[in-house]
Structure formats: C-alpha cells, structure tokens
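In: Provided below are the primary sequence and the corresponding predicted coordinates.
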Amino acid sequence: MKNLVILGSGAAGTMVAAKMRKKLAENEWKITVIDRDIKHHYQPGWLFVPFGIYTLADCIKPKTDFVPRGVDFVLDEITNIDPAAKKVTTKKGSYSYDWLVVSTGCRIAPDEIDGLTDDWGGAIHNFYTPDGAQALCGAMHNFKKGRLVFNIAEMPIKCPVAPLEFVYMADWFFAKRGLRQNIEIELVTPLTGAFTKSVANAVLGKLCEEKNIKITPNFVIDSVDAGGKTLSSVTGDEIPYDLLVSIPPNLGAQVIIDSEIADPMGYMKTNKYTLKSEEYENVYILGDATNVPTSKAGSVAHFECDVVCDNLFREINGEEAHPEFDGHSNCFIVTGYDKASLIDFNYEVEPLPGMYPLPGVGPFHLLGESKMNYWGKLMFRWVYFNLMLKGHDLPLEPQMYMAGKNDIRKK
Ligand SMILES: Cc1cc2nc3c(=O)[nH]c(=O)nc-3n(C[C@H](O)[C@H](O)[C@H](O)COP(=O)(O)OP(=O)(O)OC[C@H]3O[C@@H](n4cnc5c(N)ncnc54)[C@H](O)[C@@H]3O)c2cc1C
C-alpha cells in the first residue's frame, strides 16, 4: 500500500482529499489527512461577524462532515516534517509518505509588532480569528463616537480585500445606526493606495472617497502605544485611534518554520506554475502555505486544487507535472448597502472591469457594484460547504480567461 499524506484539513487540504480519493484506487493508495482542529471554519464568514450579519456558529461545521469515505482523518498536532526521510511526526504518532501535500495555511502573529498585544481585545481588535471576530462584534456595537482606525501591518495577508470590505461595511454599519457623523474611519496601509493593482486601486479608492473613508498609504508600522492609543510608523509618523482594528503580520504555520522548510515568513518555496515544492522531492504545496505571488484566498486554493490533483496523478503514473497554474484568483468585495464588487485576475492580468463568469451576461459585475454580487458573496458559504469542500466540480476553470473583460489598459 502506498501513502498520500495531506497536512492540514482547511479549505485546500479538504478539497485535495476529496478529489484524490476519486482518482486513486483504494486498494493501492491510503490517503491520510492530519489536522489538530475538529472544527472547520469558513473564514470568509468572519468578516460578517463583527457586524452581526453572521454568528460564529454560521461559520463552523465539524471537519468529519467533509472527510470522504476511504480517507483516514487524524485529529492531531503535526510537530515535524522531514522531507529527507519522507516522514511526518505528530504529537501522538508518525506517518511515512510516498507523496506529501502541505496545506497548513497561515496565521496572524500579533506578537511581531511592538505594543500590539498590550491592549489586545481592549481597544485593539482583529477579525482574522474566530474569537477576535466575536470580540470585535461587541466593540463595534459599543462604539458610538471617535476614530476607527484599520491597520494592515504588512503584506502578504490572506484575503487582501478583506480590509477594504471591513471599512466599507463599517461605514454602512454606523450609517444604519445613525452614528456615522460621529465616527471617522481611516485605513492605514503599507500599500500605495486602496489596493495593489492600478485599475482596481482607482475604482476601490474612489469608493473610499465617496464613503468619506480616509486612506493613509505607505505607512509601515513600527509600534503601537496602547496607553496613548497611537500607531507609529518606522519614519516617525503617528496616528491616533479610539478603536484599532489590526491585521498583524501573517506568517506560515509554526510547524513549517520549526521543521526548517520555510522561507523567513514561514511559507514554502513553491513552483508558481506546477505547485510542486522547489526544494523537496514528492511534495506539493497549495493554499495559504505557498509563497506563490497571488492572493492567499479560498478561491485560489480551489483553483490550485485542480492543478495539484492533476499533477499528483500524472507523477504517480510516471508522467511529468504540467505548468498549469496561472495565479488565478477571484473575490467578491462587499461594498456595503447590500452591494458588492468582484475582482478576477492572475499573475499577468490585473483586475479589470467586465462581466463574470459569462461574457456580456454575468450575472456578476467585475469592478462594478451590484446587489447580485452581494448575493453571490452570501451564496458562496453554501457553495463552499456543500460543493467545494466535498470535491464537486464547479463550472469554473482553474485558469483565468479574458472573455467578458474590458481591457481598459489598452485604451
Ligand atoms: C476574515 C477573512 C476573510 C476571508 N475572505 C475570503 C473571501 O472572501 N474569499 C476567499 O477566497 N478567501 C477568503 N479568505 C481566505 C481563505 O479563508 C483562506 O485563503 C483559505 O482558508 C486558505 O485555505 P488553506 O487550506 O490554505 O488554509 P486553512 O483553511 O487556514 O487551513 C489550514 C489548516 O491547517 C491546520 N494546521 C496548521 N498547522 C497545523 C499543525 N501544526 N498541526 C495540525 N494541523 C495544522 C489548521 O488547523 C487548518 O485547519 C478570508 C480569510 C479571512 C481570515
């Protein structure tokens, strides 16, 4: 019997297990998935928790609901990965592999910023953890006036549009409560504007302007003075806050760092086209654990999953891996008032306006606000739990296509 071992049963690992079980004969291949958490968190739902739109319970299901028949699920903490010995160690055991898939995601590391944890859960909050999203819900509902500052410590972060969604939704939330005129909202970012790419930056930055959300760009955080409620940059600029919503540095899983198989941020060196490890034999990496230069997003994990499973199957059958991943990413961006925008892009093509997925028909608008887009964002939770995690094929190609996009860069 040969062994395929999958590390992490979040979005990426769960999808790989489901797809590979369909591809590999059960009498030849044992598939083992290892994760320390029995709960599967729908992380995109955490954005809605601070505003009271979802509860945490709406975002959690037991991981066992998604373990396909014929896959062994091991509930344990992975403590070491040894690619030379092709062996994984956990707190309670060890697992040899013929092929390994690493999908251990990434996490926030608030300790990396001086002073950030001094008032963590007091006047400083996050929504990148379930407990953080829950505590921020209380803080948002109690906040009546003052300066709400949103800070991104550094890139990359998972779901790079989530900060924009949060400030758009905060504008909507406080307007509905009749408090908007008492509250300043400021997005303090290390980027040069609202978003990284020029066309999307112009559209999403203009939305901030219309909603009276101040953007402070090029702010590289040095420290937080929790007593004085001030953020300081490395160049000495200071920004006061009453309520700080922070996205601390995002680092790869601790076990990747401890096993000394990571870059300095804790991500694994991954071929950006094949998704195979650049350094180790018989290892594929996908989801937030890679260092490939596209978004850390569930949509990316989903597109990558198809490429990883096809390549794994090819290699198991003695063929070469194909360089099929193009960096495809897409994401709905909630803009408030029951509306959302949508971006779709890859390594080469930045987000452009247009219609998606059907050219001219949509029904979703690229870089345009619509209620249909918001509905799409809300529907995504159902699609995630009922189709994606169960390994069903969606009518979406892993590779991005230009049909339906209006390439205004050429005009
Ligand atoms: C607030 C927020 C909003 C988001 N919104 C969107 C969105 O709108 N659209 C979108 O596409 N994406 C969104 N994302 C991003 C998306 O959720 C992630 O990109 C996706 O979950 C990545 O999947 P993954 O499998 O790589 O990692 P994860 O889903 O995080 O899974 C990693 C797994 O590894 C396990 N693990 C790690 N270390 C160990 C260990 N040592 N031992 C055992 N198990 C371990 C963890 O328990 C976890 O189950 C959002 C994320 C956040 C936080």
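Out: Thanks, I have the structure now.
In: tell me which element the nearest residue to Pro351 once chain neighbours are set aside falls in.
Out: For Pro351, ignoring the flanking residues on the chain, the nearest one in space by Cβ to Cβ, 6 or more residues apart in numbering is Ile343 at 3.7 Å. Where you see a C-beta, it was placed from the backbone N, CA and C, and this is true even at glycine. Ile343 belongs to strand 339-345 when elements are defined using DSSP states H and E.
In: Need the contact partners of that strand.
Out: Residues outside strand 339-345 that contact it (Cβ atoms under 8 Å, 6 or more residues apart in numbering) are 161, 197, 200, 203-204, 207, 327-335, 351-352, 356, 364-371, 373-374, 376-377, 400, 405.
In: near the ligand, which residues of this protein?
Out: If contacts are counted using Cβ under 6 Å from any ligand atom, the residues of the chain sitting beside the ligand are 8-13, 34-37, 43-44, 46-47, 77-78, 103-105, 127-128, 158-159, 162, 253, 255, 287-289, 296-299, 301, 331.
In: so of those, which ones are in strands?
Out: Ile34, Asp35, Ile78, Cys331 (DSSP state E).
In: From the residues you listed, pick the one nearest Pro190.
Out: Pro190 lies nearest to Cys331 out of those, by Cβ to Cβ, at 19.7 Å.
In: Can you report how many residues lie near that closest one?
Out: Each residue near Cys331 was counted by other Cβ atoms under 10 Å, and the total is 24.
In: residues contacting it?
Out: Taking Cβ under 8 Å, 6+ apart as the definition of contact, the neighbours of Cys331 are Cys159, Val161, Ser295, Ala297, Ser299, Leu342, Ile343.
In: Tell me what it is bridged to.
Out: When assigned by DSSP bridges, Cys331 has beta-bridge partners Ile343.
In: re the thing from before, just the ones in strands from the contacts of strand 339-345, please.
Out: With strands taken from DSSP E, the overlap with the contacts of strand 339-345 comprises Ser329, Asn330, Cys331, Phe332, Ile333, Val334, Thr335, Tyr356, Phe364, His365, Leu366.
In: Just the pLDDT for the residue nearest to Pro351.
Out: Among the per-residue scores, Ile343 shows a pLDDT of 97.
In: Run a quick check on Tyr54 versus Phe48, I expect a contact.
Out: Yes. Because the distance of 4.0 Å satisfies Cβ atoms under 8 Å, Tyr54 is recorded as touching Phe48.
In: Could you export stretch 338-355 as PDB, keeping only the C-alpha atoms?
Out: Output for stretch 338-355, consisting of C-alpha atoms alone and laid out as PDB, is shown next (Å, rounded to 0.1, in the frame of the first residue of the first chain):
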ATOM      1  CA  ASP A 338     -26.300  45.100   0.200                       C
ATOM      2  CA  LYS A 339     -23.900  45.600  -2.600                       C
ATOM      3  CA  ALA A 340     -20.500  44.100  -3.600                       C
ATOM      4  CA  SER A 341     -17.900  44.300  -6.300                       C
ATOM      5  CA  LEU A 342     -15.900  41.400  -7.800                       C
ATOM      6  CA  ILE A 343     -12.300  41.000  -9.000                       C
ATOM      7  CA  ASP A 344     -10.900  38.300 -11.200                       C
ATOM      8  CA  PHE A 345      -7.200  38.200 -12.100                       C
ATOM      9  CA  ASN A 346      -4.000  36.100 -12.400                       C
ATOM     10  CA  TYR A 347      -0.200  36.500 -12.400                       C
ATOM     11  CA  GLU A 348      -0.200  38.500 -15.600                       C
ATOM     12  CA  VAL A 349      -3.600  40.300 -15.800                       C
ATOM     13  CA  GLU A 350      -4.700  42.700 -13.100                       C
ATOM     14  CA  PRO A 351      -8.400  43.000 -12.100                       C
ATOM     15  CA  LEU A 352     -10.400  44.600 -14.900                       C
ATOM     16  CA  PRO A 353     -14.000  45.700 -15.400                       C
ATOM     17  CA  GLY A 354     -16.500  43.500 -17.200                       C
ATOM     18  CA  MET A 355     -18.900  40.600 -16.600                       C
END
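In: List the buried residues for it?
Out: By neighbour count, with 16 or more other Cβ atoms under 10 Å as the criterion, the buried positions of stretch 338-355 are 339-346, 349-355.
In: Need the max-distance pair from those residues.
Out: Using Cβ to Cβ, these span at most 25.3 Å, a distance reached by Lys339 and Asn346.
In: Mind giving me the packing neighbours of the longest helix along the chain?
Out: If each helix of the chain is counted by residues according to DSSP state H, the longest one is helix 298-316. If contacts are counted by 3 or more Cβ pairs under 8 Å, 6 or more residues apart in numbering; DSSP states H and E, helix 298-316 sits against helix 11-23, strand 99-102, strand 283-285, strand 329-336.
In: Ala139 is nearest to which of the ones you listed?
Out: Ranking these by proximity to Ala139 (Cβ to Cβ) places strand 329-336 first, at 18.9 Å.
In: Contact partners for Ser246?
Out: For Ser246, the set of contacting residues under the criterion of Cβ under 8 Å, 6+ apart consists of Pro110, Ile113, Leu116, Ile124, His125, Asn126, Phe150, Asn151, Ala153, Val224.
In: Partner strands of the helix or strand containing it and their direction?
Out: Assigned by DSSP H and E, Ser246 belongs to strand 243-247. The partner list of strand 243-247 in its sheet, established with DSSP bridges, is strand 124-125 (parallel), strand 146-152 (parallel).
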